[in-house]
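K.L.:
any chance you can model this:
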Amino acid sequence: MTGISRDLRAALPAMRTSDDDADRLAYSRDLWPRHHLAVRAGRPAPGLPGAIAWPESTDDVARLVRWARDRGASLVPFGAGSGVCAGVLPRGDAIVVDLKRMGRIRRIDPRAPCVEVEAGHMGLPLERSLARGGFTLGHFPSSILCSTVGGWIAARSAGQCSSRYGKIEDMVVALECVTGAGEVVELRRRTSAPDLVPLVVGSEGTLAVVTAATLRLHPAPAARAFGAWSFADTRRAWEAMRAMLQDGLRPAVARVYDPLDARLARHARPARAATDPPRRSGLHAPGLGGAALRVLLRRPGALSALIRSRVAERALGGAMLLVVFEGEDDAAAQRDLLRARGTAERATGTWLGDGPARAWLERRYAVSYRQAPLFADGLFVDTMEVAAPWSRVGEVYEAVRRALGGDALVTAHFSHAYPDGCCIYFSFAGSADAALAADRGWDAACEATYDRAWRLALSAATGAGGVLAHHHGVGRSKAPRLQAELGQGIEVVRALMRAFDPARILNPGNLVPDTPTAPERPAAAPARAPVEIDRVSLLASVDGATELGALERVLGEAGLTLRAGDAGGAASVGDWLAAGAPGARDRWLDPADQIVAGLEATLSGGRRLRLRPAPRRSVGPDLTALLLGARGRYGRIDRAWLRVHRVEGARPTSAPFEHARDPAPNAGEAAILEAIDRAL
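P.N.:
Numbering: from 1, shown residues only. Sure thing, here's the model as predicted:
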């Protein structure tokens with residue numbers, strides 16, 4: 001028995017715990033593919049946690065956190081272990097806190113509608129329970145079979161239907177949490193006062209242990225309509241998808257496959273029955289075994305260059321766009337599909353019928369379980385999801401393909417599309433660099449090649465105007481690049497950790513490095529006009545001092561509008577946002593849209609915060625929450641990237657949602673806000 005396990009059992013004898021070696025090994029990591037390479041090389045875990053605990057109630061969690069704080073032990077919240085960014089990598093003194101025994105649905109309010117559910121509830125059983133009452137959460141990540149509500153919130157997850165229902169942060173109404181001080185707090189969404197929920201969503205277990213969530217629901221769709229088109233090249237396909245979203249369509253599913261990924265999708269086999277023999281990964285070409293793939297991928301640069309050529313794109317059959325629309329009846333779904341068909345065909349798309357989209361829906365979760373054969377064959381395989389405004393999507397796509405192409409075979413699809421931008425989801429498979437393999441051995445060379453591919457690809461993505469992630473989180477795998485993404489914002493994240501968790505016992509080492517970063521020398525700001533318009537992304541970069549009336553006049557000359565409505569007396573853009581954007585459309589009416597895509601601010605302690613424009617915040621806590629609706633409490637908004645709209649454009653409306661928009665702060669929230677005041 002480990003010493004920490006003995007102390008835990010003595011202090012909390014009623015709580016189920018284990019220090020069995022098999023349990024400690026099983027809870028020593030998540031599904032980061034880099035771990036798989038280490039396991040293949042004979043290193044199953046870098047270290048084992050001291051114990052695992054299975055609390056059954058929020059009170060259990062609070063007692064456990066207080067005990068750990070007093071003893072100086074660290075705690076690592078654990079959902080189902082399906083994360084892919086090394087968010088779970090406990091130290092030897094850590095207690096892994098498995099929340100799956102907290103899986104109750106506490107209530108469903110059909111009037112709002114919303115559900116209050118505990119963090120350990122698994123994804124697919126939740127959706128099935130909601131469906132029996134005529135509802136859907138609308139959240140269908142590819143990991144839905146092996147992920148929990150708490151895990152979704154921790155990583156700021158996106159489901160396959162995010163273009164209609166939004167990401168998980170667009171569904172959270174309230175969170176029940178236990179802070180690092182052992183205090184149970186309820187955090188509630190609000191518009192015109194400080195909102196702490198966006199700080200905890202995406203914090204990956206470093207600010208608080210989420211024990212339950214209240215989530216917005218939608219009526220379950222009564223009908224679906226399916227469609228697919230082929231395009232000569234990938235750009236034309238994503239431009240058609242962009243036009244659909246910006247014209248007010250909200251497909252539940254919208255996906256563009258580049259030519260190689262489209263070829264694999266067209267030839268993928270139907271879903272396998274439980275009695276069928278196991279299959280190889282979809283990346284295995286007929287007749288190619290592990291040895292042949294290793295040879296093929298040992299020097300992938302020439303192969304990647306060939307696949308990127310126009311000739312290869314035509315030979316592969318071009319790119320493919322598929323959509324799935326959901327509606328209250330068949331007529332509504334078909335109307336949306338008809339509009340989408342007109343948009344796609346004006347963009348030179350060739351109608352392929354409904355077959356590809358129906359086939360995708362049938363096997364929508366299968367891809368998550370096809371990696372193991374490649375690792376067994378001595379290769380590596382991984383996925384990388386980044387996001388960018390529409391105006392930068394092409395640069396990010398080409399830059400990442402070039403960066404990865406020297407070390408791996410790369411495919412990509414574009415999903416999680418929004419009016420202002422999109423996620424690009426790269427899949428890549430590689431082998432050991434031949435020179436490194438001769439010098440270090442196969443497994444060590446695979447690890448070095450994998451690390452190099454990731455380093456170059458992330459640098460390429462951010463250098464081309466993208467962001468580090470869209471929905472997988474940061475963990476330890478992307479943390480080395482977080483400084484480049486957030487700049488001084490990384491110290492703001494550390495300040496939030498001190499406010500929520502003064503003893504720093506919650507998942508230490510995750511999200512940001514333990515050691516402080518060197519102070520960033522702010523670069524001289526380039527001269528910019530008060531208003532700069534990105535017509536492709538429908539974004540306007542606006543100086544915070546710009547008067548709202550002046551902004552509307554500039555936008556109007558371009559046929560655009562902010563649609564601020566009654567601004568509540570705010571004179572400038574900065575004041576308007578600090579007041580919570582009064583008069584703006586209720587965010588619950590169109591979960592796939594947003595008001596602010598990025599901002600620059602000066603915080604009260606003098607730090608400069610720059611959050612680059614992106615279709616969603618995706619790297620740690622959403623720091624815009626410190627400025628939007630906070631009425632200047634934590635700083636001043638200097639510039640913002642705002643979503644603007646065509647003057648004549650239609651705006652979609654989702655089902656009604658009746659819930660308090662601005663509840664009064666409770667005592668627990670007030671205490672955290674004061675702690676943030678001190679930490680910043």
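
K.L.:
just give the nearest non-adjacent residue to Asp622, would you?
P.N.:
Among residues not flanking Asp622 along the chain, Pro198 sits closest, at 3.7 Å (Cβ to Cβ, 6 or more residues apart in numbering). Glycine gets a C-beta too; all of them are placed from N, C-alpha and C.

K.L.:
neighbours of that neighbour, how many?
P.N.:
Neighbour count for Pro198, taken as other Cβ atoms under 10 Å: 21.

K.L.:
report pLDDT for it.
P.N.:
Looking at Pro198, its pLDDT reads 98.

K.L.:
Gly465 - that's part of a helix, no?
P.N.:
No: per DSSP: H, G, I helix; E, B strand; the rest coil, Gly465 lies outside any helix segment and is coil.

K.L.:
now do the contacts for the closest residue in space to it that isn't next to it in sequence.
P.N.:
Ranked by Cβ to Cβ, 6+ apart and with sequence neighbours excluded, the top spatial neighbour of Gly465 is Arg392, at 3.6 Å. For Arg392, the contacting residues are Gly421, Ala464, Gly465, Gly466, Ser537, by Cβ atoms under 8 Å, 6 or more residues apart in numbering.

K.L.:
scan those and report the most crowded one.
P.N.:
Gly421 (31 neighbours).

K.L.:
per-domain residue ranges of this structure.
P.N.:
The chain resolves into domains spanning 1-218+487-520, 223-270+282-479, 531-649 when parsed by automatic domain parsing.

K.L.:
which of the ones you listed comes out lowest on mean pLDDT?
P.N.:
Of all those, domain 223-270+282-479 has the smallest average pLDDT, which comes to a mean of 89.

K.L.:
residues near Trp132, how many?
P.N.:
Slight slip there: residue 132 is Arg, not Trp. For Arg132, using other Cβ under 10 Å, the count is 9.

K.L.:
distance of it from Ala208?
P.N.:
31 Å (Cβ to Cβ, to the nearest Å).

K.L.:
same deal with Leu627?
P.N.:
According to Cβ to Cβ, Leu627 and Ala208 sit 21 Å apart.

K.L.:
do the same with His470
P.N.:
Taking Cβ to Cβ, one finds His470 at 23 Å from Ala208.

K.L.:
one step back: spatially, which two of the contacts of Arg392 are the most separated?
P.N.:
Maximum pairwise distance among the contacts of Arg392 (Cβ to Cβ): 14.3 Å, between Ala464 and Ser537.

K.L.:
what strand or helix carries Ala550?
P.N.:
Following DSSP states H and E, one finds Ala550 within helix 548-557.

K.L.:
geometric centre of this structure: which residue is closest?
P.N.:
Centroid check for the chain by Cα atoms, centre = their mean gives His471 as the closest residue, at 1.4 Å.

K.L.:
sec struct for that one, please.
P.N.:
From three-state DSSP, the assignment for His471 is coil.

K.L.:
next, count neighbours for Gly629.
P.N.:
Residues near Gly629, counting by other Cβ under 10 Å: 21.

K.L.:
the residue nearest to it when sequence neighbours are not counted: neighbouring residues, count only.
P.N.:
The shortest distance from Gly629 to any non-neighbouring residue, by Cβ to Cβ, 6+ apart, is to Gly580 (3.6 Å). Gly580: 23 surrounding residues under other Cβ under 10 Å.

K.L.:
need the contact list for Gly580.
P.N.:
Arg190, Thr191, Ser192, Ala193, Leu628, Gly629.

K.L.:
same check on His139?
P.N.:
So His139 contacts Gly123, Glu127, Trp152, Ser157, Gly159, Cys161, Tyr165, Ile168, Met171 (Cβ under 8 Å, 6+ apart).

K.L.:
just put those residues in CSV and tack on neighbour count.
P.N.:
Shown next, in CSV, are the contacts of His139 (neighbours: other Cβ atoms under 10 Å):
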residue, neighbour count
Gly123, 25
Glu127, 18
Trp152, 30
Ser157, 27
Gly159, 26
Cys161, 25
Tyr165, 26
Ile168, 26
Met171, 26
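
K.L.:
closest to Arg71 among those?
P.N.:
Of those, the one sitting nearest to Arg71 (Cβ to Cβ) turns out to be Trp152, at 30.1 Å.

K.L.:
helix/strand/coil for that closest one?
P.N.:
Trp152 - assigned by three-state DSSP - is helix.

K.L.:
wouldn't it be in contact with Asp170 here?
P.N.:
No: if you go by Cβ atoms under 8 Å, Trp152 and Asp170 don't touch, sitting 11.8 Å apart.

K.L.:
could you find the closest non-adjacent residue to Gly317?
P.N.:
Arg263 (5.9 Å).

K.L.:
distance-wise, check that neighbour relative to His36.
P.N.:
From Arg263 over to His36 (counting by Cβ to Cβ), the distance is 26 Å.

K.L.:
now Ala340
P.N.:
39 Å.

K.L.:
what's the answer for Asp261, then?
P.N.:
Distance from Asp261 to His36, by Cβ to Cβ: 22 Å.

K.L.:
thinking again about what came up before, would you turn the contacts of Arg392 into JSON lines with distance to Ile108?
P.N.:
Listed next are the contacts of Arg392 as JSON lines, based on distance: Cβ to Cβ, whole Å:
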{"residue": "Gly421", "distance to Ile108": "33"}
{"residue": "Ala464", "distance to Ile108": "44"}
{"residue": "Gly465", "distance to Ile108": "42"}
{"residue": "Gly466", "distance to Ile108": "38"}
{"residue": "Ser537", "distance to Ile108": "38"}
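
K.L.:
and Ile533, that one's in a helix?
P.N.:
No: the assignment for Ile533 by three-state DSSP gives strand, which leaves it out of any helix.

K.L.:
beta-bridge partners for the residue nearest to it when sequence neighbours are not counted, please?
P.N.:
Nearest residue to Ile533, sequence neighbours excluded (Cβ to Cβ, 6+ apart): Ala540, at 5.1 Å. Judged by DSSP bridges, the bridge partners of Ala540 are Ile533, Leu642.
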